[in-house]
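In: here is a sequence with its predicted model. Questions after.
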Amino acid sequence: MASSKFKLIPLVILSFFIAGLYSYPTQADELKSTTNIGSVFDIVGHIGLKNAREKGLTTAVNKKVTIEDNVITFTESLFDGSKIYIGYIIEPIDTLKVGPDRNGFLDVGISINNGQIGSHSFGVSETRLNIGMYIGMFEVQLSDEYSLPNSFLLGLQSYKDQSLYLELPVERKGHHYSYFITKEKEANDYSLYYDKITFFPTAIEIKYREVMDYESLNSQDPHILSFQIVDDQGRVLQPLSSGGGGRIKGDKFISNSKYYFEPLKKTPKTLTVKPYFVDISTHQPKKVKKKWKGKAFTLSQGKMGQLKILTVEENNDIVNVTYETKGYHAYQQAMVLWIEDTDGNEYHFDEAPKRIEGTTNQYQATFRSMSSIDGELYLNTVKLKKPNYVNEFEIKVQFVNNSF
């Protein structure tokens, strides 16, 4: 078993790191005012939030507060039983007085119905629309010990200005289904316990525990335990975020964690959970670059596999690239693609690539603000290391009810 070789980093330290791997800023310069933005979750939210918004699971908030010559409008909330999401827009009162320092606008304390909530996590995802104007969302996740009512007021107490306190309405909407797994995998000084899989409108949640010798945390090479999830149709699901907490008990370190993946339209017949180690070394991967000449070609990704560029479609300042992955981790491979012009300027997609409906390994990535490219463009990727799958910890879960 690889646990005697690799150092496992507790997930509580890495929750924001993992989420950040799959968060890309949206280039929405064409949005000039709050009147034509629509849902915040459609702009800065992941695929699960967009799915929930389309199902009508958001609750209108529309509350405003002024902090340091900026108006923050809290637009909407969403809670399906997993995390609490709040959308917001920040606008300067006077664009001529926009300063570079925005730190602390969302430096707030959290309460539920004016009561303390104990241990929780708080994360922010944000992008700039134009001068001084930002759009974003924050998410709150409480510990399993705290049971939330179906409707409540989420209190925000500003640390920058103690006189500022705001309550935002939140309502639980949508159905979720949980399946208890209770499967244990052991090897040497490490144990992995799969507890439960829950299907939320915003995500598929996998709850698990890790138990390891405390001394081994500091005696091995640093690696992160991650998961690839494959459904019964062979689709590799998009990871959204992860997080957890841990404690020392005797000579053991025990962590309780949750990993979130893209939601599916219906419960699959099976899900295969494939743990693997992520190498967090700082080596510089080798870039692979090729000019688009109107015909399909292949980009090598080293031991990981390859990308096959199928089509490149240009429409005004938008470029859509359709491509196919072949290798050991379809989604991870799909994420490593960008465009360069003849001067070497880089252009990155503004949201995670979308898997093409009806396929298992074909994706489309959209690149915006491409008007500066005149003619030639180059597709780029890098050579990646093959995931170190821990085959003895892999499980396949069958579900009796395969529809919501």
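Out: Okay, I see it.
In: and the next helix or strand past whatever helix or strand F277 lives in?
Out: Per DSSP states H and E, F277 falls inside strand 270-279. Next helix or strand after strand 270-279 toward the C-terminus (DSSP H and E): strand 287-291.
In: so the residue nearest to G375 when sequence neighbours are not counted, which state does it fall into?
Out: Take G375 and drop its neighbours on the chain: the residue closest to it by Cβ to Cβ, 6 or more residues apart in numbering is T342, 7.8 Å away. Glycine gets a C-beta too; all of them are placed from N, C-alpha and C. Put simply, T342 is coil when judged by DSSP: H, G, I helix; E, B strand; the rest coil.
In: kindly report the same for V312.
Out: Under three-state DSSP, V312 falls in the strand class.
In: can you tell me the element L154 falls in?
Out: strand 151-158.
In: average pLDDT across that strand?
Out: Mean per-residue pLDDT for strand 151-158: 93.
In: give me the contact list for it.
Out: Outside strand 151-158, the residues that touch it by Cβ atoms under 8 Å, 6 or more residues apart in numbering are 67, 77, 84, 86, 107-114, 140, 164-172.
In: now that strand, how far from the chain's geometric center?
Out: Relative to the centre of its chain, strand 151-158 is centred 24 Å away, using Cα atoms, centre = their mean, to the nearest Å.
In: also stretch 356-368?
Out: Worked out by Cα atoms, centre = their mean, stretch 356-368 lies 17 Å from the chain centre.
In: for Q157, list each beta-bridge partner.
Out: Note on Q157: beta-bridge partners by DSSP bridges are G109, Y165.
In: relative to G136, how far out is it?
Out: To G136, Q157 is 19 Å away according to Cβ to Cβ, to the nearest Å.
In: same question, L168
Out: L168 is 15 Å from G136, by Cβ to Cβ.
In: surely D350 is within a strand?
Out: No - using three-state DSSP, the assignment for D350 is coil, not a strand.
In: so what does it have for phi and psi?
Out: Torsion angles at D350 (phi, psi; degrees, to the nearest 10) stand at phi -90, psi -10.
In: what of Y214?
Out: phi -60, psi -40.
In: with adjacent residues omitted, what lies nearest to it?
Out: Counting by Cβ to Cβ, 6+ apart, the residue nearest Y214 is F253, at 4.7 Å.
In: the one you found bridge partners, please.
Out: Beta-bridge partners, per DSSP bridges, of F253: M212, I248.
In: now do the strands in the stretch 1-150 of the chain.
Out: Along the stretch 1-150 of the chain, counting by DSSP state E, counting those that start in this stretch, strands occupy 6-8, 58-67, 70-79, 84-92, 108-112, 120-130, 133-142.
In: rebuild those strands as JSON lines, extending it with mean pLDDT, distance to E357 and mean neighbour count.
Out: Converted to JSON lines, these look like this (pLDDT from 0 to 100; distance: least, Cβ to Cβ, whole Å; neighbours: other Cβ atoms under 10 Å):
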{"stretch": "strand 6-8", "mean pLDDT": "39", "distance to E357": "37", "mean neighbour count": "20"}
{"stretch": "strand 58-67", "mean pLDDT": "91", "distance to E357": "24", "mean neighbour count": "15"}
{"stretch": "strand 70-79", "mean pLDDT": "93", "distance to E357": "24", "mean neighbour count": "21"}
{"stretch": "strand 84-92", "mean pLDDT": "92", "distance to E357": "25", "mean neighbour count": "22"}
{"stretch": "strand 108-112", "mean pLDDT": "89", "distance to E357": "38", "mean neighbour count": "17"}
{"stretch": "strand 120-130", "mean pLDDT": "83", "distance to E357": "26", "mean neighbour count": "17"}
{"stretch": "strand 133-142", "mean pLDDT": "90", "distance to E357": "26", "mean neighbour count": "20"}
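In: mind checking which of those is nearest L310?
Out: Of all those, strand 120-130 sits nearest to L310, with 28.9 Å by Cβ to Cβ.
In: partners of that closest one in the sheet?
Out: strand 133-142 (antiparallel).
In: for the helix or strand Y208 falls within, buried residues please.
Out: If you go by DSSP H and E, Y208 is part of strand 204-213. For strand 204-213, burial by neighbour count (16 or more other Cβ atoms under 10 Å) applies to 204-212.
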